[in-house]
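**Q** dropping the sequence and predicted coords here.
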Amino acid sequence: MKFVELKQKEVINCKDCMRIGCVADIDFDPENGQICGFIVPASSGFFSGFGKCIRYYIRFCDVVKIGPDIMLVDVCLDKAVMREEDC
């Protein structure tokens with residue numbers, strides 16, 4: 001699977017069946033070539049340009065399944081918050 005294909009998939013949390021967002025970046029270990037996790041900006045509402053952006057770091061071990069349209073993850077979002085930054 002190519003990264004371009006991953007960026008088009010919605011990330012859904014199995015814990016609450018909520019949409020987290022779409023994959024924006026991949027974190028990988030260059031020494032062994034393994035994927036460590038995915039960086040997913042939170043999906044936001046209509047006025048997303050006026051507030052802060054929240055990004056989640058989803059560890060690869062938290063991925064349940066990658067399907068043709070979505071990626072299912074099992075993660076506690078409070079622990080997965082990467083950082084808040086101004087958009």
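**A** Ah, there it is.
**Q** and the average pLDDT for stretch 10-24 is what?
**A** Stretch 10-24 carries an average pLDDT of 93.
**Q** identify the residues contacting it?
**A** 6-9, 38-43, 55-56, 58, 64, 69-77 (C-beta atoms under 8 Å, 6 or more residues apart in numbering). (C-beta placed from N, C-alpha, C; glycine too.)
**Q** list the buried residues for that stretch?
**A** Within stretch 10-24, the residues scored as buried using 16 or more other C-beta atoms under 10 Å are 11-13, 20-23.
**Q** look at the residue of the chain most remote from its centre and give its secondary structure.
**A** In the chain, the greatest distance from the average C-alpha position (C-alpha atoms, centre = their mean) is reached by residue 31, at 22.9 Å. Residue 31 falls in the coil class when you classify it by DSSP: H, G, I helix; E, B strand; the rest coil.
**Q** and if you look at residue 75?
**A** From three-state DSSP, the assignment for residue 75 is coil.
**Q** hang on, the earlier thing: let me see the contact set for the residue farthest from the centre of the chain.
**A** With C-beta under 8 Å, 6+ apart as the criterion, no residue contacts residue 31.
**Q** any idea how far it is from residue 2?
**A** Residue 31 sits 22 Å away from residue 2, going by C-beta to C-beta, to the nearest Å.
**Q** could I get the buried residue list for the helix or strand containing residue 53?
**A** Under DSSP states H and E, the secondary-structure element containing residue 53 is strand 52-59. For strand 52-59, burial by neighbour count (16+ other C-beta under 10 Å) applies to 54-58.
**Q** tell me the pLDDT at the most centrally placed residue in the chain?
**A** Centroid-nearest residue in the chain, with C-alpha atoms, centre = their mean: residue 40, separated by 2.9 Å. Note for residue 40: predicted pLDDT of 92.
**Q** likewise the one 5 residues further on?
**A** The pLDDT attached to residue 45 in the predicted structure is 57.
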